[in-house]
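K.L.:
no sequence for this one, just the structure:
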């Protein structure tokens, strides 16, 4: 089941069933993975409703994400937690550790609702921005270390890489002319990723945001609430702390080292950082590249993906991936 049957009226009816009556105005927001809508309510407020992609997460995985968001909000970490919905309409009565109902079902779809919270992309070059983002992530991680995720994804470099490789090859997405070069290069790159994680072991893991790139960190300008925050923990996982830091640095090795040091100036006010994890930045970048291609492959049957990613599957795409993976092999070796 996809999203073909999810009409604006059905979105409004779903919210009405959990006590949130819309005034008829609804705006679909950008999201490839889920379907997300801003809905204006009769009381003049607005909420954001997220309808989860069918089959991606179990109810327990979603509820564990919600419990983490509520725990962060309770600790005054600036996140936007899901709203508690009318329990009579909660998702099959499933709860996690006594948490309130935050997940509902409507017409075969599961959804959650949060308050609307606007923001802009941070300016990483502005003085103090990286330090403040680092402090924010440090606060998030301080809460994340309290207990592990049980149901959410646990990052495993070898397992995750091999699964992504298998999805791509078994799906036949690489043209025959590009397959030998890409698969050989990918296998070599993933072997280096696994070796880097083996060399850094044992690694402490914690509950993470999971997909902490600049587009997922919003900056608010609102008095005491000014600063970084996140509105979504859809990719929350268990993994090493550097997973939430490496996507915020870019450039050559020296530039990334300086940026990471600035992040850590704020981060280490609230959480300790194991310097051995610096060696995992390029391996994690490599793993993300391969997993991104696998993500596109797994979503290709969704009609929106061929529209937004028309280059995927072309010989040029896989030739470029091969070249980039070769660059990553050199970067990991250096």
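P.N.:
That came through fine. The structure displayed is predicted, hence computed values, not measured ones.
K.L.:
Double-check residue 78 against residue 227; I have them as touching.
P.N.:
Yes. Using Cβ atoms under 8 Å, residue 78 is in contact with residue 227, at 6.8 Å. Every residue, glycine included, has its C-beta placed from N, CA and C.
K.L.:
what do those two both touch?
P.N.:
Counting by Cβ atoms under 8 Å, 6 or more residues apart in numbering, the contacts common to residue 78 and residue 227 are 136, 220.
K.L.:
so what's the nearest residue to residue 227 once chain neighbours are set aside up against?
P.N.:
Nearest residue to residue 227, sequence neighbours excluded (Cβ to Cβ, 6 or more residues apart in numbering): residue 132, at 5.6 Å. Residue 132 is in contact with 227, 228, 266, counting by Cβ under 8 Å, 6+ apart.
K.L.:
I'd like these as a markdown table, with distance to residue 3, pLDDT and secondary structure appended.
P.N.:
Output for the contacts of residue 132, formatted as a markdown table (distance: Cβ to Cβ, whole Å; pLDDT from 0 to 100; DSSP: H, G, I helix; E, B strand; the rest coil):
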| residue | distance to residue 3 | pLDDT | secondary structure |
| --- | --- | --- | --- |
| 227 | 34 | 86 | strand |
| 228 | 31 | 90 | strand |
| 266 | 39 | 97 | helix |
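K.L.:
Show me which of those is closest to residue 128.
P.N.:
Checking the contacts of residue 132 against residue 128 by Cβ to Cβ gives residue 266 as the nearest, at 8.8 Å.
K.L.:
Could you measure from that closest one over to residue 247?
P.N.:
From residue 266 over to residue 247 the distance is 16 Å, taken as Cβ to Cβ, to the nearest Å.
K.L.:
and the residue nearest to residue 227, what element?
P.N.:
Per DSSP states H and E: residue 132 is located in helix 129-144.
K.L.:
tell me what whatever helix or strand comes next after that helix is packed against?
P.N.:
Moving toward the C-terminus from helix 129-144, the next helix or strand (DSSP H and E) is helix 157-170. Applying 3 or more Cβ pairs under 8 Å, 6 or more residues apart in numbering; DSSP states H and E, one finds that helix 157-170 contacts helix 179-200, helix 281-298.
K.L.:
between the ones you listed, which gets nearest to residue 64?
P.N.:
helix 281-298 (20.9 Å).
K.L.:
Tell me the buried residues in the closest one?
P.N.:
Buried residues in helix 281-298, counted by 16 or more other Cβ atoms under 10 Å: 281-291, 293-297.
K.L.:
list the contacts for residue 19?
P.N.:
Counting by Cβ under 8 Å, 6+ apart, residue 19 has contacts 85, 86.
K.L.:
ditto for residue 317
P.N.:
residue 311.
K.L.:
now the contacts of residue 132 as CSV including distance to residue 24 and neighbour count?
P.N.:
As requested, the contacts of residue 132 are exported to CSV (distance: Cβ to Cβ, whole Å; neighbours: other Cβ atoms under 10 Å):
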residue, distance to residue 24, neighbour count
227, 34, 18
228, 34, 20
266, 44, 21
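K.L.:
shouldn't residue 234 be in contact with residue 33?
P.N.:
Yes. If you go by Cβ under 8 Å, residue 234 and residue 33 touch, sitting 6.6 Å apart.
K.L.:
the more surrounded of those two?
P.N.:
Neighbour count, other Cβ atoms under 10 Å: between residue 234 and residue 33, residue 234 has more, with 21 against 16.
K.L.:
related to what we said a few turns ago, avg pLDDT for the helix holding residue 132?
P.N.:
The average pLDDT for helix 129-144 rounds to 97.
K.L.:
Check which residues of stretch 231-241 are buried.
P.N.:
Buried residues in stretch 231-241 (16+ other Cβ under 10 Å): 231, 232, 233, 234, 236, 237, 238, 239, 240, 241.
K.L.:
Then stretch 321-332?
P.N.:
So stretch 321-332, judged by 16+ other Cβ under 10 Å, has buried residues 321, 322, 325, 328, 329, 331, 332.
K.L.:
and the helix or strand bottoming out on mean pLDDT in the chain, what does it pack onto?
P.N.:
Within the chain, no helix or strand scores below strand 218-220, which has a mean of 86 by mean pLDDT, DSSP states H and E. Helices and strands touching strand 218-220, by 3+ Cβ pairs under 8 Å, 6+ apart, are strand 227-229.
K.L.:
helices or strands up against the strand it packs on?
P.N.:
helix 129-144, strand 218-220.
K.L.:
immediately after that strand, which helix or strand?
P.N.:
By DSSP H and E, the next helix or strand past strand 227-229 is strand 237-239.
K.L.:
Now tabulate the helices and strands packed on strand 227-229 in a markdown table and tack on distance to residue 108.
P.N.:
Listed next are the helices and strands packed on strand 227-229 as a markdown table, based on distance: least, Cβ to Cβ, whole Å:
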| stretch | distance to residue 108 |
| --- | --- |
| helix 129-144 | 32 |
| strand 218-220 | 31 |
